[in-house]
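Chemist: I would like to see how this sequence folds:
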Amino acid sequence: MKHVYMDHAATTYVKPEVLEEMMPYFTGKFGNPSSFYSISREVQEGVMKARSRVSKAINCKENEIYFTGGGSEADNWAIKGIASAYKNKGNHIITTKVEHHAVLHTCAYLEKNGFEVTYLDVDSEGFVKLEDLKNAITDKTILVSIMFANNEIGTIQPVKEIGAICREKKVLFHTDAVQAVGHIPVDVEEMNIDLLSMAGHKFYGPKGVGALYVRKGIRIHNLIHGGAQERNRRAGTENTASIVGMAKALEIATENLEEHNIKLRSLRDKLIDGLLKIPYTRLNGPRGEKRLPGNVNVSFEFIEGESILLSLDFEGICASSGSACTSGSLDPSHVLLSIGLPHEKAHGSLRLSLGDENTEEEVDYVLETVPPIIERLRNMSPLWTDFKRKGDK
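Modeler: Residues are numbered from 1 along each chain as shown. From the prediction side, this is the model:
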């Protein structure tokens, strides 16, 4: 049986050259980087080199990068840390209805603790309306948190313009860039970004490690207290091997980014065009340059996404119906509901996210496999039977 992995938005494998660079930090270079003997100094140097690599990838200073346990921690730290540090200035935060739950649940937590949160609507392709953002900012607003690119439908927000509005209004701007970093160009200086979250396992690094960029001069309270690691900002002995691995993976990912994305966009568009030939199928999110290069998200009417996934798995195809963080939920995607899909259409969604090793042959295999699955599932669906009966009258 074929094995086709098309769920790279959920996670990626660790590249061999990344693992190779990590291995010494499990064995010979095992020292605690906070200790003072020679093997620890080697470890310190590894962390310093990693910080330099990460800062170069997003065009910031080395001392503006803080390593975390992943993207969710970075999101939590950015939002809770700013809320705590600036609460004397105001208690208002702005975000969107299509954020990852690491942002939405953090904002919900703050609402229970005296903060007010505005959740901006998005249009039918998932874009924030800049005028809505301008109108939502008040003299009590301390933070705007809007994701760089959506993890489900691939929409790339106008981040530079959002950052410019925040600068003009003297409001801090955080972006969850977990799906963007390592996949599309990110420049925190050019894009007016004050805080940015990333996660290593989204670009062929290890799981359980991420980073938060904090622009120099911004006050932020700590999320994790204890030791003096990460310049007294994030307690806990550094996960050195994973930090080194994430930085190496990001360096590789950003080396030939545009050349790589030309290939990905070609495969993506072929997949989209092929799937849309299936009747009563719609594309979720935009076309072209404003969509993540590897993201495909479609909805098939009259059937449920979970049934599609089980059938695809039987054919050796790994995909998802939305965010991996909500895969156990029976509720339809909040992102798809936010772009205007009714519940019954949102339930029938399929996300295919392409990666480095996907081929045109694999895309062809998916396009051969999906149509008969959809036909079979629809023939079993009372919704489809009812629809056809009404159409025959």
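Chemist: any weak-confidence spans in the stretch 101-250 of the chain?
Modeler: Flagging of the stretch 101-250 of the chain using pLDDT under 70 yields an empty set of residue ranges.
Chemist: quick one, helices of it?
Modeler: 101-111, 130-136, 159-169, 229-232, 240-255 (DSSP state H, counting those that start in this stretch).
Chemist: Rebuild those helices as a markdown table, extending it with mean neighbour count and distance to K263.
Modeler: Heads up, the C-betas are built off the backbone N, CA and C, glycines and all. Converted to a markdown table, the helices of the stretch 101-250 of the chain look like this (neighbours: other Cβ atoms under 10 Å; distance: least, Cβ to Cβ, whole Å):
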| stretch | mean neighbour count | distance to K263 |
| --- | --- | --- |
| helix 101-111 | 18 | 30 |
| helix 130-136 | 14 | 32 |
| helix 159-169 | 17 | 24 |
| helix 229-232 | 14 | 37 |
| helix 240-255 | 24 | 14 |
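Chemist: quick one, which of the ones you listed is nearest to G200?
Modeler: helix 240-255 (3.2 Å; Cβ to Cβ).
Chemist: on contacts alone, who are the packing partners of the next helix or strand after the closest one?
Modeler: Next in sequence after helix 240-255, counting helices and strands by DSSP states H and E, comes helix 257-275. With contacts defined as 3 or more Cβ pairs under 8 Å, 6 or more residues apart in numbering; DSSP states H and E, the packing partners of helix 257-275 are strand 295-300, helix 360-379.
Chemist: now helix 257-275 against helix 360-379, angle please.
Modeler: Interaxial angle, helix 257-275 versus helix 360-379 (axes from the mean of the first three to the mean of the last three Cα atoms, to 10 degrees): 30 degrees.
Chemist: just use 55 as the starting number from now, easier for me
Modeler: OK, 55 is where the count begins now, so the last one is helix 311-329.
Chemist: Buried residues, helix 311-329. List them.
Modeler: 311, 314-315, 317-319, 321-326, 328-329 (16 or more other Cβ atoms under 10 Å).
Chemist: could you give the mean pLDDT of it?
Modeler: The average of the pLDDT scores along helix 311-329 is 97.
Chemist: Can you pull out the residues in contact with it?
Modeler: 237-239, 335, 337, 341, 345, 347-350, 352, 404, 406, 408, 410, 412-414, 417, 420-421, 424 (Cβ atoms under 8 Å, 6 or more residues apart in numbering).
Chemist: Would you list the buried entries among the residues you listed?
Modeler: Looks like the contacts of helix 311-329 have 237-238, 335, 337, 345, 347-350, 352, 404, 406, 408, 410, 412, 417, 420-421, 424 buried, using 16+ other Cβ under 10 Å.
Chemist: and T439, what helix or strand is that in?
Modeler: Once you assign secondary structure using DSSP H and E, T439 falls within helix 436-446.
Chemist: do you know how far L73 is from S296?
Modeler: Here the criterion is Cβ to Cβ, to the nearest Å. By it, L73 lies 11 Å from S296.
Chemist: An error on my part: the question was meant for L431.
Modeler: Where S296 is concerned, L431 sits at a distance of 40 Å (Cβ to Cβ).
Chemist: cool, and K183?
Modeler: 39 Å.
Chemist: again with I148
Modeler: 33 Å.
Chemist: now K143
Modeler: Counting by Cβ to Cβ, the gap from K143 to S296 is 36 Å.
Chemist: Also A63?
Modeler: Using Cβ to Cβ, A63 is found at 20 Å from S296.
Chemist: Which phi and psi values does V232 adopt?
Modeler: Note on V232: its backbone torsions stand at phi -60, psi -40 [degrees, to the nearest 10].
Chemist: dump the residue contacts of it.
Modeler: G125, H154, N205, S251, M252, A253, K256, G264.
Chemist: which one is it nearest to, not counting chain neighbours?
Modeler: G125 (4.0 Å; Cβ to Cβ, 6 or more residues apart in numbering).
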